[in-house]
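> okay, sequence plus prediction incoming.
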Amino acid sequence: MRRQRFTKIVATLGPASSTPERLRELFEAGADVFRLNFSHGVPDDHRKRVAQLRALEKKYNHPIAILMDLQGPKLRLGVIGKQPMELKKGQKLRFDMDPKPATAKRVPLLHPEIFKAAKADGLLLIDDGKVRLRIVAHDKDTIDAVVEVAGQISDRKGVNLPNLVLPMSPMTPKDRKDLDFGLSLGVDWVALSFVQHAHDIAELKKLVAGRAAVMAKLEKPAAIDHLDEIIEQSDGIMVARGDLGVEMPPEAVPPLQKRILAACRVAGKPAIVATQMLDSMVHSPTPTRAEASDVATAVYDGTDAVMLSAESASGDYPIEAVTIMDRIIRAAEGDPLYRRLMDASRHEPEATTADAISAAARQCAHTLSAAAIVTYTNTGSTTLRAARERPDVRILCLTPNPDTARRMALTWGVHPVHAEDAHNFADMVQRAVSVARKEELAKEGERLVITAGVPFGTPGATNILRIAYV
């Protein structure tokens, strides 16, 4: 299952992609990571899909990463009534915590955290920003607002409050229950919604306790104020552009995407660009040219992965969506400009042995036109450092830890293989050559650049660089 590209594809599972046959087709079309959206579905659905993916993994003898996406808190209106309420520009409206159905002058909003965080002149966005109100007065129980953008509101529509930090945990009781269930299934990544501070990620990491890698979804403007701290705490980042686009001006999202991806590259943490990438393919067999450009832009920005949401979960053309995404990625990576951008955005290595070895491995692979870089790793840190260098060849990750192999399936340019650790220098070279040939990453007469650590099997001890002939 050697991919002809560096950037990975994340496919969300749902009703349109729930059978073993459909999962096989998605995997063969190019999906590297499968996302379980815990905002939808029941436990039995997720359990079946995990079992099917592990069977697929065994059939192809290739690690597959499973990402569980926690729902997080959902801020919603209360009951409006049997008919939607039409709001007109300039209309005054009061929000309160009375659960009774709305009237012409008041609307239930049963979230005390919103009333605690409310500020005069703040905004209330309803139904993904389709309706906008500005706060003119508030106290601990009520918010008075004026309609700025008219429209209809109805039962349980979502509410966003841009640029307000809400005094609430990103993990609800449902999320905690889902987390325990997901970890029992053996998911590889856990994505946390509604992240506002680094301590939100720290809270989740304590609960996960090393059983999976932790990903922060950046969908709140408040998170951007703490970007570096959140990246430091996280194992990976998801740029959730849909929610960011609701709470921020549309023109602010593209430069923010570039800023987040650049920060992740510096930190050596994998990043996913998500939401509405090929949205028209939910009902169309081909994307718009603008969507193709959007996917390519994320690739040029250096993202580790791009994600399909409804396109693969509930759309009419899930296989076609993965297929065209694969083609767009390969076209972008085949552009000489792509390599120039990757080289120009490379940062100086840190003053550590592991960074020095990784930088030297990239340079050696380029100078010698090597077929691949081989990294021996236990935790994945050596492989992540190699990927941060964005070499012009694939990175063959050899690890005795199957969990590490699966997590690395998300990382740029990495071809993970679950393999026994090297026992000595001769075995290190022989094993690297054997696996590289078997996985079709190298052929006879080509060279490999190998990094490892002595003593063998010691985590975080990368201190060897070796050139080997196949």
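Okay, I see it.
> all contacts plus neighbour counts: C-alpha atoms, from now on.
Noted.
> just give me how far stretch 397-407 sits from the chain centre.
Averaged C-alpha coordinates place stretch 397-407 at 19 Å from its chain's average position (CA atoms, centre = their mean, to the nearest Å).
> run through who's touching that stretch.
63-66, 188-189, 213, 374-380, 383, 408, 414-421, 432 (CA atoms under 8 Å, 6 or more residues apart in numbering).
> please enumerate the strands of the stretch 1-150 of the chain.
8-13, 33-37, 65-69, 85-87, 92-96, 106-108, 123-126, 131-138, 142-149 (DSSP state E, counting those that start in this stretch).
> show me the protein divided up by domain.
Residue ranges for the domains of the chain, per automatic domain parsing: 8-72+171-333, 85-160, 353-469.
> which residue ranges of the stretch 301-450 of the chain form strands?
For the stretch 301-450 of the chain, the strands identified by DSSP E, counting those that start in this stretch occupy 305-308, 372-376, 394-399, 414-418, 447-453, in order along the chain.
> could the ones you listed go into CSV alongside distance to Thr19?
Conversion of the strands of the stretch 301-450 of the chain to CSV gives the following (distance: least, CA to CA, whole Å):
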stretch, distance to Thr19
strand 305-308, 18
strand 372-376, 35
strand 394-399, 30
strand 414-418, 25
strand 447-453, 39
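> out of these, which one sits most buried?
Mean neighbour count, computed with mean count of other CA atoms under 10 Å, is highest for strand 372-376 among those, reaching a mean of 28.
> and it with strand 447-453, angle?
Angle between the axes of strand 372-376 and strand 447-453 is 20 degrees (criterion: axes from the mean of the first three to the mean of the last three CA atoms, to 10 degrees).
> describe which strands strand 372-376 pairs with in its sheet and in which direction.
strand 394-399 (parallel), strand 447-453 (parallel) (DSSP bridges).
> just put the ones you listed in a markdown table and tack on distance to Asp175 and mean pLDDT.
As requested, those are exported to a markdown table (distance: least, CA to CA, whole Å; pLDDT from 0 to 100):
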| stretch | distance to Asp175 | mean pLDDT |
| --- | --- | --- |
| strand 394-399 | 31 | 97 |
| strand 447-453 | 39 | 94 |
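> okay if I get these as a markdown table plus distance to His283?
Written out in a markdown table, the entries for these read as follows (distance: least, CA to CA, whole Å):
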| stretch | distance to His283 |
| --- | --- |
| strand 394-399 | 35 |
| strand 447-453 | 45 |
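> closest to Val10 out of those?
Taking CA to CA as the criterion, Val10 comes closest to strand 394-399 out of those, the separation being 18.9 Å.
> what angle separates that closest one from strand 414-418?
When the same axes, to 10 degrees is applied, the directions of strand 394-399 and strand 414-418 differ by 30 degrees.
> which other residues reach stretch 317-330?
Outside of stretch 317-330, the residues that reach it under the criterion CA under 8 Å, 6+ apart are 4-5, 7, 9, 11, 16-17, 25-26, 29-31, 278, 281-286, 292, 295-296, 299, 308, 311-312.
> that one: how far from the chain's middle?
18 Å.
> mind giving me the packing neighbours of the worst-scoring helix or strand of the chain on mean pLDDT?
Within the chain, confidence by mean pLDDT, DSSP states H and E is lowest for helix 241-247 among all helices and strands, at a mean of 86. When contacts are defined as 3 or more CA pairs under 8 Å, 6 or more residues apart in numbering; DSSP states H and E, helix 241-247 sits against helix 253-267, strand 271-274.
> could you dump the ones you listed to a markdown table with distance to Arg106 and mean neighbour count?
Compiled in a markdown table, those are given as follows (distance: least, CA to CA, whole Å; neighbours: other CA atoms under 10 Å):
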| stretch | distance to Arg106 | mean neighbour count |
| --- | --- | --- |
| helix 253-267 | 33 | 18 |
| strand 271-274 | 36 | 25 |
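> any chance of these in CSV, with distance to Asp355 and mean pLDDT too?
Below are those laid out as CSV (distance: least, CA to CA, whole Å; pLDDT from 0 to 100):
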stretch, distance to Asp355, mean pLDDT
helix 253-267, 12, 96
strand 271-274, 20, 98
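> which one of the ones you listed lies closest to Gly457?
Ranking the helices and strands packed on helix 241-247 by their distance to Gly457 (criterion: CA to CA) puts helix 253-267 first, at 24.3 Å.
> hmm, who's touching the closest one?
227-228, 231-232, 236-237, 239, 241, 244-245, 270-271, 273, 301-303, 347, 388.
> of those, keep whichever come out buried.
For the contacts of helix 253-267, burial is judged from neighbour counts taken by 16 or more other CA atoms under 10 Å, and it is met by 227-228, 231-232, 236-237, 239, 241, 244-245, 270-271, 273, 301-303, 388.
> and the pLDDT for Arg431?
With respect to pLDDT, Arg431 has a value of 96.
> re earlier: let's have the domains of the chain in JSON lines, adding distance to Gly78.
As requested, these are exported to JSON lines (distance: least, CA to CA, whole Å):
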{"stretch": "domain 8-72+171-333", "distance to Gly78": "18"}
{"stretch": "domain 85-160", "distance to Gly78": "5"}
{"stretch": "domain 353-469", "distance to Gly78": "39"}
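> re earlier: Serialize the strands of the stretch 1-150 of the chain to JSON lines and add fields for mean neighbour count, mean pLDDT and distance to Ile450.
What follows is these, written out as JSON lines (neighbours: other CA atoms under 10 Å; pLDDT from 0 to 100; distance: least, CA to CA, whole Å):
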{"stretch": "strand 8-13", "mean neighbour count": "27", "mean pLDDT": "98", "distance to Ile450": "23"}
{"stretch": "strand 33-37", "mean neighbour count": "24", "mean pLDDT": "98", "distance to Ile450": "26"}
{"stretch": "strand 65-69", "mean neighbour count": "26", "mean pLDDT": "98", "distance to Ile450": "24"}
{"stretch": "strand 85-87", "mean neighbour count": "16", "mean pLDDT": "95", "distance to Ile450": "65"}
{"stretch": "strand 92-96", "mean neighbour count": "20", "mean pLDDT": "96", "distance to Ile450": "63"}
{"stretch": "strand 106-108", "mean neighbour count": "22", "mean pLDDT": "96", "distance to Ile450": "62"}
{"stretch": "strand 123-126", "mean neighbour count": "22", "mean pLDDT": "94", "distance to Ile450": "53"}
{"stretch": "strand 131-138", "mean neighbour count": "20", "mean pLDDT": "95", "distance to Ile450": "57"}
{"stretch": "strand 142-149", "mean neighbour count": "20", "mean pLDDT": "96", "distance to Ile450": "59"}
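> export those strands to CSV and tack on distance to Glu219?
Rendered in CSV, the data for these read as follows (distance: least, CA to CA, whole Å):
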stretch, distance to Glu219
strand 8-13, 18
strand 33-37, 16
strand 65-69, 13
strand 85-87, 27
strand 92-96, 24
strand 106-108, 25
strand 123-126, 15
strand 131-138, 19
strand 142-149, 22
